[in-house]
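**Student:** How does the following fold in three dimensions:
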Amino acid sequence: AALAAPAPGPGSGGPGPRVYFQSPPGAAGEGPGGADDEGPVRRQGKVTVKYDRKELRKRLNLEEWILEQLTRLYDCQEEEIPELEIDVDELLDMESDDARAARVKELLVDCYKPTEAFISGLLDKIRGMQKLSTPQKK
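**Tutor:** Prediction:
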């Protein structure tokens with residue numbers, strides 16, 4: 001039975017990280033004799049969904065900025081921030097900055113510190129961003 005080659009490490013010049021799926025014991029594809037003596041068989045899988053890395057990086061930076069700002073606004077550690085979800089895609093779907101500002105203000109209703117600077121900073125940062133919807137299969 002043939003075993004898949006190990007994934008190339010970072011900087012090895014290979015195509016990048018690979019995803020492997022482990023076959024359950026006795027599954028098809030393990031070779032003519034059934035189970036291998038050399039341990040579980042690893043089949044190479046492919047990640048089928050691709051996103052624009054630049055947009056993902058922008059989104060990650062935005063989320064880190066939001067967390068930092070919320071810890072300041074609520075004057076607490078990240079784990080202690082009240083449960084609230086600022087959905088950037090929802091904000092991007094809205095018609096105007098006024099609607100976006102009203103939605104964020106609504107989410108921060110229990111914050112006792114002024115939120116205007118945070119809201120205007122958030123609106124500035126999301127301006128020009130794209131929604132991160134799952135790409136459609138071609």
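
**Student:** hey, let's count contacts and neighbours off CA atoms from now on
**Tutor:** OK.

**Student:** and residue 102, what helix or strand is that in?
**Tutor:** Following DSSP states H and E, one finds residue 102 within helix 97-107.

**Student:** Buried ones in that helix, by neighbour count?
**Tutor:** Across helix 97-107, burial judged by 16 or more other C-alpha atoms under 10 Å covers 97, 100, 101, 103, 104, 105.

**Student:** Contacts only, for the last one.
**Tutor:** Read that as residue 105. Residues near residue 105 by C-alpha atoms under 8 Å, 6 or more residues apart in numbering: 115, 119.

**Student:** Now do it against residue 97, distance only.
**Tutor:** Residue 105 sits at a distance of 12 Å from residue 97 (criterion: C-alpha to C-alpha, to the nearest Å).

**Student:** for the longest helix along the chain, what is the average pLDDT?
**Tutor:** Longest helix in the chain, counting residues (DSSP state H): helix 53-73. On average, the pLDDT along helix 53-73 is 92.

**Student:** Any buried residues in it, and which?
**Tutor:** Using 16+ other C-alpha under 10 Å as the test for burial, helix 53-73 gives 59, 62, 66, 69, 70, 71, 73.

**Student:** Format those residues as JSON lines; extra columns: distance to residue 110.
**Tutor:** Converted to JSON lines, these look like this (distance: C-alpha to C-alpha, whole Å):
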{"residue": "59", "distance to residue 110": "25"}
{"residue": "62", "distance to residue 110": "22"}
{"residue": "66", "distance to residue 110": "16"}
{"residue": "69", "distance to residue 110": "15"}
{"residue": "70", "distance to residue 110": "12"}
{"residue": "71", "distance to residue 110": "14"}
{"residue": "73", "distance to residue 110": "11"}
